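>>> The sequence and its predicted three-dimensional model are supplied below.
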Amino acid sequence: MSKAAQRIFLITGASSGFGRALAKAALAAGNTVIGTVRSDPAKTEFEGLHAHHAHGVLLDVSDFDSINATIKEVVERVGAIDVLVNSAGYGHEGILEESPLEELRRQFDVNVFGAVAMIKAVLPSMRIRRTGHIINITSMAGLVTFPGISYYCGSKFALEGISESLEQEVRSFGIKVTAVAPGAFRTDWAGRSMVRTEHNIEDYDPVFAPIRRARMAKDGKQPGDPVKAAKVLLDLIDEVDPPVHLVLGDDALSVVRDKISALSREIDAWESVSKSTGFS
């Protein structure tokens with residue numbers, strides 16, 4: 001498919017952040033965009049981006065029972081999905097010991113199960129047509145961990161692993177899968193989109209308090225530009241052989257490379273122990 005050819009995008013979380021930036025870029029390039037939003041005002045505002053090609057859909061990705069019917073209706077009305085972008089998600093900040101299990105379930109419902117439910121809704125059509133691209137917005141926290149966001153890291157590690165395995169399952173059908181791991185970008189992630197568990201256990205203050213303060217201070221001043229990221233993602237769709245994992249941002253590149261080096265050193269240091277566990 002040439003760059004001039006129009007595609008139909010389905011973007012979750014299209015009212016803000018990466019989802020919004022990509023929706024605007026895709027529309028400007030002449031594509032049709034179906035964007036999931038969570039309120040009538042957001043739907044009206046989204047459809048105002050283009051008189052004919054912007055289609056807002058009211059959908060909470062954690063409302064799993066509604067997804068198939070909603071996607072079926074919009075496909076019948078607009079057309080088959082060429083590109084699915086799972087951008088809906090949010091961050092949870094809190095020490096694991098203090099964070100309720102209910103917060104973990106909610107984090108996974110939105111960041112993992114919602115993304116998988118969306119994939120399952122569009123995948124049969126992509127498989128039959130032998131074409132399509134699934135882009136899952138993960139995070140550098142899906143490749144590298146940080147204290148104080150264990151639930152979030154867990155959800156993004158899960159989506160990275162699911163994406164990689166899915167790519168192996170569908171590549172022979174001509175379907176592409178890319179997990180995009182951004183660093184710190186100027187979105188709402190660290191602001192209004194983040195859920196914060198109350199912190200009370202003083203033992204954790206030395207490791208957690210500076211991180212929470214720094215994250216809140218950097219909100220709105222992050223180095224990453226969502227508009228530039230959107231252009232990268234739009235160009236990515238035209239690649240014949242796109243990456244399964246794409247890291248975005250200098251900060252993400254640095255910490256991911258450091259993690260890989262540290263992991264390699266640790267594996268080497270414990271190699272003899274690793275090899276000692278087989279039958280003689």
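Now that the structure is in, tell me what you want to look at. Residues are numbered from 1 along each chain as shown.

>>> how close does Asp40 sit to Ala69?
Using CB to CB, to the nearest Å, Asp40 is found at 19 Å from Ala69. Any C-beta I mention is one placed from the backbone N, CA and C, and that applies to glycine too.

>>> Over to Ser172?
Applying CB to CB to Ser172 and Ala69 gives a distance of 29 Å.

>>> cool, and Ala217?
44 Å.

>>> Arg127: neighbour count?
16 (other CB atoms under 10 Å).

>>> Also the one 10 residues further on?
Other residues near Ile137 come to 29 when the count uses other CB under 10 Å.

>>> my guess is it meets Phe18, correct?
Yes. Contact criterion CB atoms under 8 Å: Ile137 and Phe18 qualify, at 5.5 Å.

>>> which residues do those two both contact?
Ser87, Pro182 (CB atoms under 8 Å, 6 or more residues apart in numbering).

>>> what's the longest strand seen in the chain packed up against?
When the chain is parsed with DSSP state E, its longest strand is strand 175-182. When contacts are defined as 3 or more CB pairs under 8 Å, 6 or more residues apart in numbering; DSSP states H and E, strand 175-182 sits against helix 114-129, strand 132-137, helix 150-170, helix 226-236, strand 245-248, helix 250-269.

>>> helix or strand for Thr70, which one?
Thr70 is part of helix 64-78 when elements are defined by DSSP states H and E.

>>> For that helix, output the C-alpha coordinates as CSV.
These are the backbone C-alpha positions of helix 64-78, laid out as CSV (Å, rounded to 0.1, in the frame of the first residue of the first chain):
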residue,chain,number,x,y,z
PHE,A,64,-15.0,-5.9,27.7
ASP,A,65,-18.6,-7.1,27.0
SER,A,66,-19.2,-4.0,24.9
ILE,A,67,-16.1,-4.1,22.7
ASN,A,68,-17.1,-6.6,20.0
ALA,A,69,-20.5,-5.1,19.4
THR,A,70,-19.1,-1.6,19.3
ILE,A,71,-16.3,-2.5,16.9
LYS,A,72,-18.7,-4.5,14.7
GLU,A,73,-21.1,-1.5,14.4
VAL,A,74,-18.4,1.0,13.6
VAL,A,75,-16.8,-1.3,11.0
GLU,A,76,-20.1,-1.8,9.3
ARG,A,77,-20.5,2.0,9.2
VAL,A,78,-17.0,3.1,8.4
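
>>> In that helix, which residues are buried?
Neighbour counts over helix 64-78 (16 or more other CB atoms under 10 Å) mark Phe64, Ile67, Thr70, Ile71, Val74, Val75, Val78 as buried.

>>> any idea of the mean pLDDT for it?
Mean per-residue pLDDT for helix 64-78: 96.

>>> List of residues touching that helix?
Outside helix 64-78, the residues that touch it by CB under 8 Å, 6+ apart are 8, 10, 32, 34, 55, 57, 59-61, 81, 113-114, 117-118, 121-122, 125.

>>> secondary structure class for Phe146?
coil (DSSP: H, G, I helix; E, B strand; the rest coil).

>>> List the contacts of it.
For Phe146, the contacting residues are Cys153, Ile211, by CB under 8 Å, 6+ apart.

>>> Next, give phi and psi for it.
Here is the backbone geometry of Phe146 (degrees, to the nearest 10): phi -140, psi 140.

>>> quick one: it from Met126, how far?
Computed with CB to CB, the distance linking Phe146 and Met126 is 34 Å.

>>> ditto for Glu202
With CB to CB as the criterion, Glu202 and Met126 are 51 Å apart.

>>> Please identify which of those two sits among more neighbours.
Counted by other CB under 10 Å, Glu202 and Met126 do not tie: Met126 has more neighbours, with 23 against 8.

>>> close enough to count as contact, the more buried one and Glu169?
No. Using CB under 8 Å, Met126 makes no contact with Glu169, being 11.9 Å away.

>>> Tell me the pLDDT of Lys3.
Per-residue pLDDT puts Lys3 at 45.

>>> ok, back up a step: mind checking which of the helices and strands packed on strand 175-182 is nearest Ala23?
Evaluated over the helices and strands packed on strand 175-182, closeness to Ala23 peaks at helix 226-236, with 8.3 Å, by CB to CB.

>>> Show me the shaky parts of the protein.
Within the chain, the segments meeting pLDDT under 70 span 1-5, 188-192, 220.

>>> Which residue lies nearest the spatial centre of it?
Ile137 (2.1 Å; CA atoms, centre = their mean).

>>> Pull the number of nearby residues for the closest residue to it other than its chain neighbours.
In this structure, Ile137 finds its nearest non-sequential neighbour in Ser87, 4.7 Å apart by CB to CB, 6 or more residues apart in numbering. For Ser87, the tally of surrounding residues (other CB under 10 Å) stands at 28.
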